[in-house]
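1. pasted the sequence and its predicted model underneath.
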Amino acid sequence: MWRLFLPLIRLFLKTPQQGAATSIYLAGAPEAAGVTGMYFASRRPKASSPASRDPATAAGLWQVSLDLTAGIAGALDPVLR
(Lines give C-alpha, C1' and ligand atoms only; values in the text may rest on other atoms or scores of the structure.)
Protein backbone atom coordinates (compact mmCIF):
# COMPACT_ATOMS: atom_id res chain seq x y z
CA MET A 1 0.00 0.00 0.00
CA TRP A 2 2.88 2.38 0.83
CA ARG A 3 4.33 1.86 -2.65
CA LEU A 4 1.11 3.15 -4.10
CA PHE A 5 0.75 6.23 -1.91
CA LEU A 6 4.36 7.24 -1.24
CA PRO A 7 4.91 9.02 -4.58
CA LEU A 8 1.73 11.02 -3.98
CA ILE A 9 2.66 11.83 -0.38
CA ARG A 10 6.12 13.03 -1.43
CA LEU A 11 4.52 15.81 -3.46
CA PHE A 12 3.49 17.42 -0.15
CA LEU A 13 6.70 16.86 1.82
CA LYS A 14 9.73 19.12 2.12
CA THR A 15 13.34 18.05 2.05
CA PRO A 16 15.32 18.65 5.25
CA GLN A 17 16.98 21.62 3.53
CA GLN A 18 13.61 23.12 2.58
CA GLY A 19 12.28 22.51 6.08
CA ALA A 20 15.25 24.27 7.69
CA ALA A 21 15.38 27.21 5.25
CA THR A 22 13.13 29.54 7.27
CA SER A 23 14.92 28.87 10.57
CA ILE A 24 18.31 29.43 8.95
CA TYR A 25 17.07 32.60 7.26
CA LEU A 26 15.71 34.00 10.55
CA ALA A 27 18.90 33.10 12.41
CA GLY A 28 21.17 34.95 10.03
CA ALA A 29 19.32 37.54 7.97
CA PRO A 30 20.08 41.13 9.00
CA GLU A 31 16.52 42.19 8.16
CA ALA A 32 15.22 39.64 10.68
CA ALA A 33 17.39 40.92 13.54
CA GLY A 34 15.25 41.90 16.48
CA VAL A 35 12.07 40.38 15.03
CA THR A 36 10.27 38.51 17.81
CA GLY A 37 6.82 37.17 18.53
CA MET A 38 5.95 36.42 14.93
CA TYR A 39 5.17 33.20 13.08
CA PHE A 40 7.05 32.57 9.84
CA ALA A 41 6.50 30.07 7.03
CA SER A 42 8.54 29.90 3.85
CA ARG A 43 10.66 32.85 5.06
CA ARG A 44 7.64 35.13 5.28
CA PRO A 45 5.59 36.31 8.26
CA LYS A 46 2.23 34.57 8.46
CA ALA A 47 -0.80 34.93 10.70
CA SER A 48 -0.82 32.19 13.30
CA SER A 49 -3.97 30.25 14.09
CA PRO A 50 -6.53 31.75 16.47
CA ALA A 51 -5.75 28.96 18.95
CA SER A 52 -2.15 30.19 19.14
CA ARG A 53 -3.39 33.51 20.50
CA ASP A 54 -5.78 32.03 23.08
CA PRO A 55 -4.55 32.84 26.62
CA ALA A 56 -6.17 29.73 28.14
CA THR A 57 -4.49 27.48 25.56
CA ALA A 58 -1.14 29.21 26.18
CA ALA A 59 -1.49 28.73 29.94
CA GLY A 60 -2.37 25.07 29.48
CA LEU A 61 0.60 24.48 27.19
CA TRP A 62 2.89 26.23 29.66
CA GLN A 63 1.67 24.00 32.48
CA VAL A 64 2.09 20.82 30.43
CA SER A 65 5.61 21.96 29.49
CA LEU A 66 6.46 22.56 33.15
CA ASP A 67 5.09 19.16 34.12
CA LEU A 68 6.97 17.34 31.37
CA THR A 69 10.28 19.06 32.05
CA ALA A 70 10.19 19.13 35.85
CA GLY A 71 12.52 16.15 36.22
CA ILE A 72 14.87 17.40 33.53
CA ALA A 73 15.15 20.89 34.99
CA GLY A 74 16.04 19.48 38.40
CA ALA A 75 18.70 17.25 36.89
CA LEU A 76 20.20 20.14 34.90
CA ASP A 77 20.20 22.64 37.77
CA PRO A 78 23.79 21.89 38.88
CA VAL A 79 24.97 22.12 35.26
CA LEU A 80 23.27 25.44 34.65
CA ARG A 81 24.76 27.12 37.73
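-> Nice, I can see it.

2. not counting its neighbours along the chain, what's nearest residue 48?
-> residue 39 (4.1 Å; CB to CB, 6 or more residues apart in numbering). Quick note: C-beta positions are derived from backbone N, CA and C, even for glycine.

3. repeat for residue 45
-> Counting by CB to CB, 6+ apart, the residue nearest residue 45 is residue 38, at 5.1 Å.

4. the one you found - how many residues pack around it?
-> Neighbours of residue 38 under the rule other CB atoms under 10 Å: 11.

5. distance check, it against residue 47.
-> Residue 38 sits 10 Å away from residue 47, going by CB to CB, to the nearest Å.

6. ok, residue 61 next?
-> From residue 61 over to residue 47 (counting by CB to CB), the distance is 19 Å.

7. picking that back up, the residue nearest to residue 48 and residue 45 touch, don't they?
-> Yes: if you go by CB atoms under 8 Å, residue 39 and residue 45 touch, sitting 7.0 Å apart.

8. in the protein, which helix or strand is least confident?
-> In the chain, no helix or strand scores lower on mean pLDDT, DSSP states H and E than helix 55-80, which sits at a mean of 81.

9. now do residue 42 against residue 67, distance only.
-> From residue 42 across to residue 67, the span is 33 Å (CB to CB).

10. list the contacts of the helix or strand hosting residue 7.
-> Element membership for residue 7 (DSSP states H and E) is helix 2-10. Helix 2-10 is contacted by no other residue when judged by CB atoms under 8 Å, 6 or more residues apart in numbering.

11. how distant is that helix from the center of its chain?
-> On the basis of CA atoms, centre = their mean, to the nearest Å, helix 2-10 sits 26 Å off its chain's mean C-alpha point.

12. alright, calling it a day.
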